[in-house]
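In: Quick one, fold the following:
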Amino acid sequence: MGELMRRVILSLATCVGLLPAGMAVAECDSGEMVIRMSTVTNYDRHPTGLAATELAKRVNTEMNGLACMEVYGNSILYTDDKVIEALLKGDIQLAAPSLGKVEEYTKLLRVFSLPFLFKNVEAVDEFQDSLTGGLMKFSMIGKGVRGLAFWHVGMTQMSASVPLDSPLDALGLSFRVLGSEIGLEQMKAVGAAGKQMPFSEVFAALESGEIDGQEDTWSNIYGKRFHRVQDSIIETNHSIVDNFVITSVEWFDSLPGNIKTQFLTILREVTEERNKAAFDVNQEARQLILDDGGRVRKLTPEERQEWVDAFRPVWEKFEDDVHPFLIEHIQEVNTRH
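Out: As a prediction, the model looks like this:
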């Protein structure tokens, strides 16, 4: 995207009132490297948008004179379906699509969607911070895309219109699943039906009985009041919802060493800070569900193992995509949490 187009978009957004909710645009000085980031989320409430905004704030303060960062949210520039193409063309420099949207480029990252593979978010963090987890950021290098960071939205929980005391209770039920082939397969594993539908339609579908249950993060469950039309929520923490901060190999390799080092340091610090904040937001949402009369059921270690065993065939179905070594390594990480 050229400078003229940037100014046109900025002007139009200001005229129609999109600027406060959709962009965090900086005043770039002449000679500064402009770093444009596109996200599909709002930038003032969603965990990914807040992380992007904080990253831009710190870049514009600490790298003033060297670099200038702008964030375009709410898919104003690109949807997740188009954002990688835009990166490769050089129209933007950073993006943060959901992990499910990069499966066309690498199936290795499907490991984060496998149900009950990670024990909790602390296990996710340890794995992502490990050498093995770090190497996963390079899984798209062959396509010209480099991963930089994983930004958490939250761990997923499961709810239904009837008590889910064991995997057998899911038999014959229908669940809205997050957008992935794995989500459909995980429901088949317990004799349930998975269904994909827009997030905005889920509450009405639960209320009408079109579907019996759903999976999502605490913050999304509370935000859409799913708990009000469900018998209870079981605290499964069965997969992680992440956005993957990516850039193009060409742009990243072109950065001068001092700029690259400083930018990566800021990104690492922002990632640690905002991932912890995302966890806190989800825990607050969990408590708000309880305060609002919702029922949350915490699984005993033995009960959780029942669910792990029930979903293990899904791991085996996708192990060629993610490699058995990763599954084994993550199980070893789980023992410490």
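
In: The residue nearest the centre of the chain: which element?
Out: For the chain, the residue sitting closest to the mean C-alpha position, by C-alpha atoms, centre = their mean, is residue 242 at 2.1 Å. Element membership of residue 242 [criterion: DSSP states H and E] is strand 240-248.

In: picking up where we left off before, and the residue nearest to the centre of the chain, how far is that from residue 153?
Out: Residue 242 is 7 Å from residue 153, where distance means C-beta to C-beta, to the nearest Å. The way it works is simple: take the backbone N, C-alpha and C, and place the C-beta from them, glycine included.

In: wait, what's in contact with the residue nearest to residue 179 when sequence neighbours are not counted?
Out: With C-beta to C-beta, 6 or more residues apart in numbering as the measure, residue 100 is the residue that lies nearest to residue 179, at 5.3 Å, once sequence neighbours are left out. Residue 100 makes contact with 113, 178, 179, 180 under the criterion C-beta atoms under 8 Å, 6 or more residues apart in numbering.

In: And those residues, which two are furthest apart?
Out: Of all pairs drawn from those, the one with the largest separation by C-beta to C-beta is 113 and 179; the distance is 9.8 Å.

In: Pick out whichever of the two has more residues nearby.
Out: The neighbour comparison of residue 113 against residue 179 (other C-beta atoms under 10 Å) goes to residue 113, with 28 against 15.

In: Not counting its neighbours along the chain, what's nearest that one?
Out: Nearest-residue entry for residue 113: residue 182, 4.5 Å, with adjacent residues in sequence omitted and distances by C-beta to C-beta, 6+ apart.

In: Next, count neighbours for that neighbour.
Out: Under the neighbour criterion other C-beta under 10 Å, residue 182 is assigned a count of 26.

In: and what of residue 336?
Out: Counted with other C-beta under 10 Å, residue 336 comes out at 9.

In: next helix or strand past the lengthiest strand in the chain?
Out: What stands out as the longest strand in the chain, according to DSSP state E, is strand 145-160. Moving toward the C-terminus from strand 145-160, the next helix or strand (DSSP H and E) is strand 174-176.
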